[in-house]
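Trainee: model the structure of this input:
(one chain, ligands or ions: 1)
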Amino acid sequence: MDSNQSLFERAQRVIPGGVNSPVRAFRAVGGTPRFIARGQGAYLWDAQGQRYIDYIGSWGPMILGHGHPAVLAAVHAAVDDGLSFGAPTERETELAEAIIALVPSVEQLRFVSSGTEAGMSAIRLARGATGRAKIIKFEGCYHGHADALLVKAGSGLATFGHPTSAGVPPEVVRDTLVLEYNNLDQLEACFAEHGPALACAIIEPIAGNMNFVRASNAFMAKLRALCSAHGTLLVFDEVMTGFRVALGGAQSLYAAAIAGFAPDISVFGKVIGGGMPLAAFGGSRDVMAQLAPLGPVYQAGTLSGNPVATACGLATLHEIARPGFFDALSARTQALVAGLSAAAAQAGVPFVADSQGGMFGFFFAPELPQHYPAVLATDKARFNRFFHAMLARGVYLAPALYEAGFVSAAHSADDIAATLAAARQAFAEPA
Ligand code: KE4
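Mentor: Numbers count the residues shown, from 1 in each chain. Down below sits the predicted model:
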């Protein structure tokens, strides 16, 4: 069996960086990426037969763990009926109905094949529905790699984006205004200056793409109020948080805390595909009526609503909607986070952690960051050492400081205990 290193060297000869998504290359943490041979339950096995407790879960989709029998049965049955038709199927309607039943703010939705495609389409829809060009995003939030969203500007008042990626011309990001997450003053100032020109504000309600940073209720309430006052659409990017932090997504948590709260457009992915390429964006009937073939906003996709992916997603949603699922998942994740904090405290290591539902994050810092600059100020070197100390002990955490972690329903109390035992040793390692 080839080693991870030999597989990595071979992959790099034919695939840029040896990976099909940059974060997989371990460049943030160093070392050799693990080439995964298979997954089962809470575990992954790499090409060398090494088993890991998996806290990435394919970056969120695998909320049931790998190889859930009901999901595999649904996928096998769908495969036998055909891989793709390019024509409508009943199961697309079933999955749309299932999602809409769980998310009151969504009356209609459209399936696509990735979170990027869903986020990109949501922005185009917001611009088409409002006839406006400018959009707000927040520093540290990631909404996929569509040009207009691949922007990271300096802090400070809404500024013209400076693309972090080559190939994104200035004219494409001219209308992308980047604000500091949780910064009420910047929000007020931006709407005061640009309000009538703002098509939408897109936000990760819990920012998993800067590890784990919550938008405060005050900030979210203000964002909602300013969007409503200026006719700007509030776009909730729930690709990561949807059906992960709660059955109704992060928006269900804000709706419980803020009277009448609801986003105008929601973006979903990851969990709703159960590990297959499937994402969606949705909103009110009026907004969604702007989409072709009904309205002037064009959006399309050869594999959108793919029959195998919808079977996988539907089976996954069916399982997570069972009574008690999220209570159990939340309790398991909270036990992990509390145990990590206790182990770090015992070792005298500055460490903070947080979780919601089956999503968690942690920082080597004295307190939880509230925005991207604070995340940047945490101890990244210590994070990287901890990552490798855990990997060496068979615990696979996200290989980057700016990523969240995920617990599945397959993670047992013994898996959490084994993780905490490894963490106690890792925290004790000399800095
Ligand atoms: P995809 O195009 O990767 O399916 O989704 C893009 C996306 C959109 N919105 C949010 C909030 C997301 O987290 C993502 C994708 N997340 C990353 C990990 N943080 C996917 C992993 C990767 O890039 O390989």
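Trainee: alpha carbons of stretch 282-296, as CSV, please.
Mentor: Output of stretch 282-296 as CSV, limited to C-alpha atoms (Å, rounded to 0.1, in the frame of the first residue of the first chain):
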residue,chain,number,x,y,z
GLY,A,282,-34.0,29.9,-1.2
GLY,A,283,-36.2,32.6,0.0
SER,A,284,-39.7,34.1,-0.3
ARG,A,285,-41.8,33.2,-3.3
ASP,A,286,-41.6,36.8,-4.6
VAL,A,287,-37.8,36.9,-4.5
MET,A,288,-37.4,33.4,-6.1
ALA,A,289,-39.9,34.3,-8.8
GLN,A,290,-37.1,36.5,-10.3
LEU,A,291,-35.3,33.3,-11.3
ALA,A,292,-35.4,31.8,-14.8
PRO,A,293,-37.6,30.4,-16.2
LEU,A,294,-40.0,32.7,-14.4
GLY,A,295,-38.0,35.9,-14.2
PRO,A,296,-35.0,37.7,-15.6
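Trainee: wait, V375 touches F363, no?
Mentor: Yes. Counting by CB atoms under 8 Å, V375 touches F363, with 7.2 Å between them. In short, each C-beta sits where N, CA and C put it, glycine included.
Trainee: where do the contact lists of the two overlap?
Mentor: Common contacts of V375 and F363 (CB atoms under 8 Å, 6 or more residues apart in numbering): 211, 369, 401.
Trainee: list just the nearest of those to L294.
Mentor: N211 (39.6 Å; CB to CB).
Trainee: was I right about the closest one contacting L376?
Mentor: No. Assessed by CB under 8 Å, N211 is found out of contact with L376, at 10.9 Å.
Trainee: and the two? Which one has more around it.
Mentor: N211 (25 against 14; other CB atoms under 10 Å).
Trainee: returning to what we had before: and the ligand, which of the shared contacts of V375 and F363 reach it?
Mentor: Among the shared contacts of V375 and F363, no residue sits close to the ligand (CB under 6 Å from any ligand atom).
Trainee: secondary structure and pLDDT added to the residues you listed, as TSV?
Mentor: Listed next are these as TSV, based on DSSP: H, G, I helix; E, B strand; the rest coil; pLDDT from 0 to 100:
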residue	secondary structure	pLDDT
N211	coil	94
P369	coil	97
L401	coil	90
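Trainee: would you map the helices across the chain?
Mentor: With DSSP state H as the definition, the chain shows helices at residue ranges 4-14, 69-81, 90-102, 115-130, 170-173, 184-194, 217-230, 250-257, 285-288, 307-320, 325-346, 372-376, 380-391, 413-428.
Trainee: hey, least reliable of those helices by pLDDT?
Mentor: Ranked by mean pLDDT, those bottom out at helix 170-173, with a mean of 86.
Trainee: of all the residues in that one, which ones are buried?
Mentor: 172-173 (16 or more other CB atoms under 10 Å).
Trainee: please apply the same query to stretch 387-398.
Mentor: 387-391, 393, 395-398.
Trainee: can I get it in CSV, CA atoms only?
Mentor: Provided in CSV are the C-alpha atoms of stretch 387-398 (Å, rounded to 0.1, in the frame of the first residue of the first chain):
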residue,chain,number,x,y,z
PHE,A,387,-2.9,19.8,15.3
HIS,A,388,0.1,17.6,14.7
ALA,A,389,0.3,16.3,18.3
MET,A,390,-3.4,15.2,17.9
LEU,A,391,-2.9,13.8,14.4
ALA,A,392,0.0,11.7,15.7
ARG,A,393,-2.4,10.3,18.3
GLY,A,394,-5.1,9.3,15.8
VAL,A,395,-7.2,12.4,16.0
TYR,A,396,-7.9,14.3,12.8
LEU,A,397,-8.8,17.9,13.4
ALA,A,398,-9.2,20.6,10.8
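Trainee: contacting residues around the residue of the chain found nearest the ligand?
Mentor: Nearest residue of the chain to the ligand: G115, at 2.3 Å (CB to the nearest ligand atom). If you count contacts by CB under 8 Å, 6+ apart, G115 has them with 143-144, 237, 239, 267, 269-270, 279.
Trainee: can you narrow the residues you listed to ones near the ligand?
Mentor: 143-144, 237, 239, 269, 279.
Trainee: which of those has the largest number of neighbours?
Mentor: Counting neighbours by other CB under 10 Å, the top entry in the ones next to the ligand among the contacts of G115 is D237, with 32 neighbours.
Trainee: please look at that one and G119 and confirm they touch.
Mentor: Yes. D237 is within contact range of G119, at 6.0 Å (criterion: CB under 8 Å).
Trainee: touching both of these two, which residues are there?
Mentor: 143, 202, 267.
Trainee: mind checking pLDDT for the second one?
Mentor: So that's I202. 98.
Trainee: which residues of the stretch 151-300 of the chain lie near the ligand?
Mentor: 204, 208-209, 237, 239-240, 269, 279.
Trainee: so which of those residues is the closest to P104?
Mentor: Using CB to CB, those come closest to P104 at D237, 18.0 Å.
Trainee: from I206, how far off is that closest one?
Mentor: Using CB to CB, to the nearest Å, D237 is found at 10 Å from I206.
Trainee: what's the overlap in contacts for those two?
Mentor: Both D237 and I206 lack any common contact, where contact means CB under 8 Å, 6+ apart.
Trainee: how about CSV for the shared contacts of V375 and F363, with distance to S304 added?
Mentor: Output for those, formatted as CSV (distance: CB to CB, whole Å):
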residue, distance to S304
N211, 31
P369, 37
L401, 34
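Trainee: run a quick neighbour tally on V14.
Mentor: Residues within reach of V14, counting by other CB under 10 Å, total 7.
Trainee: same check, this time on G49
Mentor: Per other CB under 10 Å, the neighbour tally for G49 reads 8.
Trainee: what are the phi and psi values for it?
Mentor: phi 80, psi 10 (degrees, to the nearest 10).
Trainee: out of the ones next to the ligand among the contacts of G115, who's nearest N20?
Mentor: For the ones next to the ligand among the contacts of G115, the nearest to N20 is G144 (14.8 Å; CB to CB).
Trainee: for that closest one, which residues are in contact?
Mentor: Taking CB under 8 Å, 6+ apart as the test, what G144 contacts is 114-120, 239.
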